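**Student:** output the structure for:
(2 chains)
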Amino acid sequence: MNAAASLRRIGLPRLIVHFAVLVICVIWLIPTLGILMTSFREPAQITSSGWWTAFTSAARTSAARLADPSTARQEGANFVISGSVFGEGQGGTVRAFGTRVQEPAAYPAGQPADLGDGETLTINEDGSYTYMKAGPFDGERGRRVYLQVATPPSFTTENYDTVLTSQGIGQAFVNSLTVAIPSTIIPILIAAFAAYALSWMEFPGRALLIAMVVGLIVVPLQMSLIPLLRMYNEIGGLLGVPSRSYAGIWLAHSAFGMPLAIYLLRNYIAGLPKEIIESARVDGASDFEIFLKIILPLSFPALASFAIFQFLWTWNDLLVAMVFLGTGRDQLVLTGALNALLGSQGGKWEILTASAFITIVVPLLVFFLLQRYLVRGLLAGSVKGG
Amino acid sequence: MKLSLLMGAALAALVAGSAGAQELKFPPGEDSRFNWKSYEDFKAAHADLKGQSLTLFGPWRGEDETLFNSVLAYFNAATGVDGRYSSSENYEQQIVIDTQAGSPPNIAILPQPGLLADLAAKGFLTPLGEETATWVKENYGAGESWIGYGTYKGKEGADAFYAFPFKADVKSLVWYVPENFEEAGYEVPKTMEDLIKLSDQIVEDGGVPWCIGLGSGGATGWPATDWVEDMMLRTQTPETYDKWVKNEIPFNDPAVVGAIEEFGKFAKNEKYVSGGVAAVASTDFRDSPKGLFDIPPKCYLHHQASFISSFFPPDKKLGEDADFFYMPTYASKPDLGTPVLGAGTLVSITKDSPAAKAFIEFLKTPIAHEVWMAQAAFLTPYKGANPAAYANEPLKKQGEILMSATTFRFDASDLMPGKIGAGAFWTGMIDYVGGKDAQTVSTDIQNAWEGLK
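**Tutor:** Residues are numbered from 1 along each chain as shown, chains lettered A, B, ... in the order given. As a prediction, the model looks like this:
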């Protein structure tokens, strides 16, 4: 089949749709791509050029210093300093050079430049130079020259190295897991019970209770931090529990996640077919049995999707962890430890981008492990025959 | 199964990243730049604290945190106290949450006297006592000013000395690249008139004199407040400055409007600033000085506090590839002397304990200052600390600027109430650079201040 025939088979409208989807996907991914590229570049590159230039062999203007006058040797009447403008590990092709910062590319590489005062300077393409003067050189420091150098694109894994080997990062990783896993499981357990009761058990004030839970969703977390911590400290003081502990942050995360969890799960559970629950009741099942044997398996997609929400939120959280767990070296969660790497003034893009990709690994793993539960329609066929 | 795998990986990472006990950076008794006698004396006087714990909370993170920990290690070694330092990106909010909720650290170190005054007024700080206040007055350069910045009204409304100054920053600095100056034949200006002349000269030669960047995420605008404060000290008396800080003269007083306009002479001059006026508010303050080192240079001058050198490209050697001079004063106003705008961090006790008291005593020993001085950017107004301990020449030069100041004034925006100094003042400056005039902007800020009363 030739191309035209296959094009006809697909059809123009579909082609346009596919193309549009592709374009949107690419646009959507550009920021992530930018962060990824930046995380592999050196700090100096990041501030001097954009990440999209990373693959091009750019002509960069830089400065170098010639060897200092004490290394000059005498050749006849002339004094000569020679060497290479590139230090160890550096390289590139010199296109042009200059001796004044205002004109950094005044002379082409390989040709002797007359600097006046009996001085000539030649810088070759490979970086070697000869600096000649018809008399002794003076001064202590070597002369500064400016170069236009074509450098091949270069990438580094040093940023990842810095982040991964920084002190306490392993401890922080464990801390993050210790916070995030119970903080995901506890609210789901409680919320599933509550959601069942709120949707299938008849008791007075049920509607009011649901309204209250929905109302609680809008309470901003930042507003309740201080009263909550104070309450926790006071109760903890009575029971002899220290003010900063995992129990505290589990409770806090559970409480902050609970309203949304109950709301989401209730909506889902209330939408389950009435027939199954009623037939189970007729068969003599108790509420607990119905919940355990029917509701829980059927609402797995909802539980999984909430688990992803809650896990991502607790994993990415910085504020609640700082307040309830503390800021000490051994109490920091991953977000806190990475944040501390940025220093007092911040602004270290290379660290920021590399750590973004390191923290992203766990949530991605969780997402891919749970996502098949999201797409699988567990409900299909469950009410066959009524 | 998968979870246990994850945990296994995490544990492996933990073992790899576990930290060793902190060692003393300079072995006691070895280097004559350090006052080891003060260390030994302190050790002898505080032998009874062994095993106590001390929590410290402050603004330093990253490299600064390592540096402070190296100082703390000497305190821990001398007393046997288990002192632990921690920080947070939002330390200003964190300390408020911690104190209000009833789980504060023992020691809080903060760079904002305004915030400390708030905490003192709510009764969260423990007074350091008359004796410490007298010590600061006698042993610190411009000691009287420093006491003022550590004295607040307590819960009962009585003034007391609450915060011990430790580590200072000099803000009145202009950075430049000496070799760029040499090549172009420029001289370091001695007066403000010369500085303006130099700026004009650079423009005439086809260059751009200034790099000014006000961007700083949520704090965008603060570098402009330093400019205005420096101009305030160069056009008005220190007394007027103090009145301005306390709002005893309104923000839209001609004196203040004048200072803002002085700043505008630089920042709102299209020919003076790299990238044009439009770039001023959007350029990040951390990226802004890099223009000095571009080839050809994007600019020749940059006004910023001493800390900015840590944002220079890593291969630039301070004192050779980059240097600074004191932001000059107007020759036409000789009676104002040589004012220095600065900032500093203040140490206060948020939960009293013998170890916390001992830590304040520790800060009175020269060694506490010298250990940090010898490593990196640390300035101290403490006369007892040996200037020879400064890690490099530029630092020593900054120390001299600090010590020789006829007037030392703390960063006004840190002294004003948070809503002004860390709010209306910042946004006002962005509006000003964005095109509004100084009178309108300062009236807006004054209105915001009225709203707080």
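
**Student:** residues in the stretch 251-386 of chain A within reach of chain B, list them.
**Tutor:** Residues of the stretch 251-386 of chain A lying close to chain B by CB under 8 Å from any CB of the partner chain are A:318-319, A:322-323, A:326-329, A:331, A:336, A:339-347, A:362, A:365, A:369. Glycine gets a C-beta too; all of them are placed from N, C-alpha and C.

**Student:** in stretch B:113-129, what counts as buried?
**Tutor:** Across stretch B:113-129, burial judged by 16 or more other CB atoms under 10 Å in any protein chain shown covers B:113-120, B:124-128.

**Student:** whoops, I mixed them up, stretch B:223-242
**Tutor:** Buried residues in stretch B:223-242, counted by 16+ other CB under 10 Å: B:223-238, B:240-242.

**Student:** how far away from the center of its chain is that stretch?
**Tutor:** In this view, stretch B:223-242 has its centroid 16 Å away from the chain centroid, taken as CA atoms, centre = their mean, to the nearest Å.

**Student:** give me the subset of the buried residues of stretch B:113-129 that lies in helices.
**Tutor:** For these, membership in helices holds for B:113, B:114, B:115, B:116, B:117, B:118, B:119, B:120, with DSSP state H as the criterion.

**Student:** can you tell me the closest non-neighbouring residue to the third one?
**Tutor:** Nearest non-adjacent residue to residue B:115, counting by CB to CB, 6 or more residues apart in numbering or on different chains: residue B:92, 6.0 Å away.

**Student:** so the one you found, which of the three states?
**Tutor:** Residue B:92 falls in the helix class when you classify it by DSSP: H, G, I helix; E, B strand; the rest coil.

**Student:** can you check residue B:420 too?
**Tutor:** Assigned with three-state DSSP, residue B:420 falls in the helix class.

**Student:** let me see the contact set for it.
**Tutor:** For residue B:420, the contact set (CB atoms under 8 Å, 6 or more residues apart in numbering or on different chains) comprises B:413, B:445, B:448, B:449, B:452.

**Student:** of all the residues you listed, which comes closest to chain A?
**Tutor:** residue B:413 (16.4 Å; CB to the nearest CB).

**Student:** what average pLDDT does the host helix or strand of the closest one get?
**Tutor:** Under the criterion of DSSP states H and E, residue B:413 resides in helix B:412-415. Confidence for helix B:412-415, expressed as mean pLDDT, is 90.

**Student:** which outside residues touch that helix?
**Tutor:** For helix B:412-415, contacts defined as CB under 8 Å, 6+ apart pick out B:111-114, B:149, B:222, B:225-226, B:229, B:232, B:241, B:244-245, B:343, B:420-422, B:425-426.

**Student:** stretch A:343-356 too?
**Tutor:** Applying CB under 8 Å, 6+ apart, the set of residues contacting stretch A:343-356 from outside is A:35-36, A:38-39, A:41-43, A:46-47, A:159-160, A:162-163, A:338, A:341-342, B:59-65, B:89, B:217, B:284, B:286-287, B:307, B:310-311.

**Student:** can I take it that residue A:308 is in a strand?
**Tutor:** No - with three-state DSSP as the criterion, residue A:308 is helix rather than part of a strand.

**Student:** neighbours around it, how many?
**Tutor:** Neighbour count of residue A:308, defined by other CB atoms under 10 Å in any protein chain shown: 19.

**Student:** how about it, nearest residue that isn't a chain neighbour?
**Tutor:** Counting by CB to CB, 6+ apart, the residue nearest residue A:308 is residue A:370, at 5.6 Å.

**Student:** that neighbour against residue A:307, yeah?
**Tutor:** Yes - shown here, residue A:370 and residue A:307 form a contact pair, counting by CB atoms under 8 Å, at 6.4 Å.

**Student:** now do the strands in chain A.
**Tutor:** Using DSSP state E, the strands of chain A run over A:59-65, A:73-75, A:78-84, A:93-98, A:107-108, A:113-116, A:119-123, A:128-133, A:144-150.

**Student:** now do the fourth one: which elements does it pack against?
**Tutor:** Packing partners of strand A:93-98 (3 or more CB pairs under 8 Å, 6 or more residues apart in numbering or on different chains; DSSP states H and E): strand A:107-108, strand A:119-123, strand A:144-150.

**Student:** would CSV of the ones you listed with mean pLDDT, distance to chain B and mean neighbour count be doable?
**Tutor:** As requested, the helices and strands packed on strand A:93-98 are exported to CSV (pLDDT from 0 to 100; distance: least, CB to the nearest CB, whole Å; neighbours: other CB atoms under 10 Å in any protein chain shown):
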stretch, mean pLDDT, distance to chain B, mean neighbour count
strand A:107-108, 86, 15, 16
strand A:119-123, 84, 15, 20
strand A:144-150, 82, 5, 21
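
**Student:** how about those in JSON lines, adding distance to residue B:208?
**Tutor:** Formatted as JSON lines, the helices and strands packed on strand A:93-98 follow (distance: least, CB to CB, whole Å):
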{"stretch": "strand A:107-108", "distance to residue B:208": "25"}
{"stretch": "strand A:119-123", "distance to residue B:208": "28"}
{"stretch": "strand A:144-150", "distance to residue B:208": "18"}
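
**Student:** closest one to residue B:205 among the ones you listed?
**Tutor:** For residue B:205, the closest of the helices and strands packed on strand A:93-98 is strand A:144-150, at 17.0 Å, according to CB to CB.

**Student:** backbone dihedrals for residue A:126, please?
**Tutor:** Dihedral pair for residue A:126: phi -80, psi 0, per degrees, to the nearest 10.

**Student:** check contacts around it.
**Tutor:** Counting by CB under 8 Å, 6+ apart, residue A:126 touches A:84, A:93, A:94.

**Student:** and of the residues you listed, the nearest to chain B?
**Tutor:** Nearest to chain B among the contacts of residue A:126 is residue A:94, at 13.8 Å by CB to the nearest CB.

**Student:** what's the neighbour count on the spatially closest residue to the closest one that is not a sequence neighbour?
**Tutor:** Excluding its sequence neighbours, the residue lying closest to residue A:94 (CB to CB, 6+ apart) is residue A:109, at 4.5 Å. Counted with other CB under 10 Å, residues neighbouring residue A:109 total 21.

**Student:** measure residue A:109 to chain B for me?
**Tutor:** Per CB to the nearest CB, to the nearest Å, residue A:109 is found 16 Å from chain B.

**Student:** for chain B, give me the ranges with low pLDDT.
**Tutor:** Applying pLDDT under 70 to chain B picks out residues B:1-22.

**Student:** and the strands in it?
**Tutor:** B:53-58, B:82-87, B:107-110, B:151-153, B:159-161, B:163-170, B:173-176, B:302-303, B:323-326, B:339-349, B:407-410.

**Student:** what ranges of the stretch 51-200 of chain A fall below the confidence cut-off?
**Tutor:** Ranges of the stretch 51-200 of chain A meeting pLDDT under 70: A:58, A:88-90.

**Student:** OK, contacts around residue B:231?
**Tutor:** Residues near residue B:231 by CB under 8 Å, 6+ apart: B:259, B:260, B:262, B:263.

**Student:** now the third one: how far from residue B:251?
**Tutor:** Using CB to CB, to the nearest Å, residue B:262 is found at 16 Å from residue B:251.

**Student:** ok, the buried residues of stretch B:113-129 vs chain A, which is closest?
**Tutor:** residue B:124 (13.0 Å).

**Student:** for residue 86, what are its contacts?
**Tutor:** You didn't say which chain, so I picked chain A. Applying CB under 8 Å, 6+ apart to residue A:86 gives the contacts A:64, A:92, A:127.

**Student:** wait, I meant chain B there
**Tutor:** A:326, A:327, A:328, A:329, A:331, B:55, B:56, B:57, B:105.

**Student:** excluding sequence neighbours, find me the nearest residue to it.
**Tutor:** Of all residues not flanking residue B:86 in the chain, residue A:327 sits nearest, at 3.9 Å (CB to CB, 6+ apart).

**Student:** need the pLDDT of the one you found.
**Tutor:** 82.

**Student:** close enough to count as contact, it and residue A:336?
**Tutor:** Yes - contact criterion CB under 8 Å: residue A:327 and residue A:336 qualify, at 7.0 Å.
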